[in-house]
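[1] how would this look folded up:
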Amino acid sequence: MMHHLQHRLFELISVRGLRRFDSLRDLGKMIGETHPQKVKYHLTQLEKTGFIRIDWNSKTVKPVKNHEKNHRAINFFSIPVLGAANCGLATLFVEERPEGVIIVSESMIPRREKLFAVKAVGDSMNRAKVNNRDAIEDGDYVVVDPENRQPSSGDYVLSIINGSTNIKRFYLDLDNQQIVLCSESNKDYSPIFIHESDASAFCINGKVIGIVKTPRFSQ
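    As a prediction, the model looks like this:
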């Protein structure tokens, strides 16, 4: 996940068009950071990860727009991370306070308005097939479209049960007037059954549209 200062710097450079800075202190004022060395560190991190290029002699900076291999423009956008959500029982309370952002390319996640992400906790969805391919493993970022709150049976959703967040596969059982939230795991997890009369304690907070996998490096 990109640090919030890196996100502010990247936005300043890529969106607001900053190309030159007089000093690290002045640059810090633009992003709300008073320590010049912190500004330098996060600028350097952005350069190391390939988002920008810096000329320290002329104090100029520019976003990297072209992939070096195929010279195709890469369009990035940021998605706020609003805490975590259980993949098992709903025990993490809703708290819509941004904890940072992830920066993704549009080739990974289609850009839409108001997208947000939550960090998955638990292993009850580690055999999911979001977009017919992506499992939801502990630590992954689950991208949610909050404007899609009327899912179809078989969609993956972020729901709120008794004020706590939960990631499951959604099924509508009209014959029995209930919603079934199912796990997809290599372990045995029972479904969650919700009757239509329980609407006051349950809501769909959005449809899961993609997964940003957490890197798992070999030691």
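
[2] so who does residue 178 touch?
    Residue 178 makes contact with 193, 194, 195, 196, according to C-beta atoms under 8 Å, 6 or more residues apart in numbering. (Each C-beta comes from the backbone N, C-alpha and C, glycine too.)

[3] State the pLDDT value of it.
    pLDDT recorded at residue 178 is 93.

[4] Same question for the one 5 residues further on.
    Per-residue confidence (pLDDT) for residue 183: 95.

[5] what's the answer for residue 137, then?
    Reading off the model, residue 137 has pLDDT 94.

[6] Grab the nearest non-local neighbour of it.
    residue 126 (5.1 Å; C-beta to C-beta, 6 or more residues apart in numbering).

[7] Just the CA atoms of the longest helix anywhere in the chain, as CSV, please.
    Longest helix in the chain by number of residues, with DSSP state H as the criterion: helix 36-48. Extracted C-alpha coordinates of helix 36-48, given in CSV (Å, rounded to 0.1, in the frame of the first residue of the first chain):
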residue,chain,number,x,y,z
PRO,A,36,12.3,17.9,4.5
GLN,A,37,14.1,14.6,5.0
LYS,A,38,10.7,12.8,5.1
VAL,A,39,9.8,14.5,1.8
LYS,A,40,13.1,13.4,0.3
TYR,A,41,12.6,9.9,1.4
HIS,A,42,9.1,9.5,0.0
LEU,A,43,10.2,11.2,-3.3
THR,A,44,13.0,8.7,-3.5
GLN,A,45,10.6,5.8,-2.9
LEU,A,46,8.3,7.0,-5.6
GLU,A,47,11.3,7.0,-8.0
LYS,A,48,12.4,3.6,-6.9
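
[8] What average pLDDT does that helix get?
    On average, helix 36-48 scores 89.

[9] rewinding a little: nearest to residue 159, out of the contacts of residue 178: which one, please.
    Proximity to residue 159 was ranked across those by C-beta to C-beta; first place goes to residue 194, at 8.6 Å.

[10] Could you check the longest helix of the chain and say which residues are buried?
    Applying a neighbour-count criterion of 16 or more other C-beta atoms under 10 Å, one finds 39, 42, 43, 45, 46 buried in helix 36-48.

[11] list the contacts for the third one?
    The neighbours of residue 43, taking C-beta under 8 Å, 6+ apart as the test, are 9, 27, 52, 54, 61.

[12] I'd like the distance between it and residue 22.
    14 Å (C-beta to C-beta, to the nearest Å).

[13] follow-up on the earlier one: closest to residue 189 among the contacts of residue 43?
    Taking the contacts of residue 43 together and measuring to residue 189 by C-beta to C-beta, the closest member is residue 9, at 41.8 Å.

[14] The helix or strand hosting the closest one - what's its average pLDDT?
    Element membership of residue 9 [criterion: DSSP states H and E] is helix 4-14. Averaged over helix 4-14, pLDDT sits at 85.
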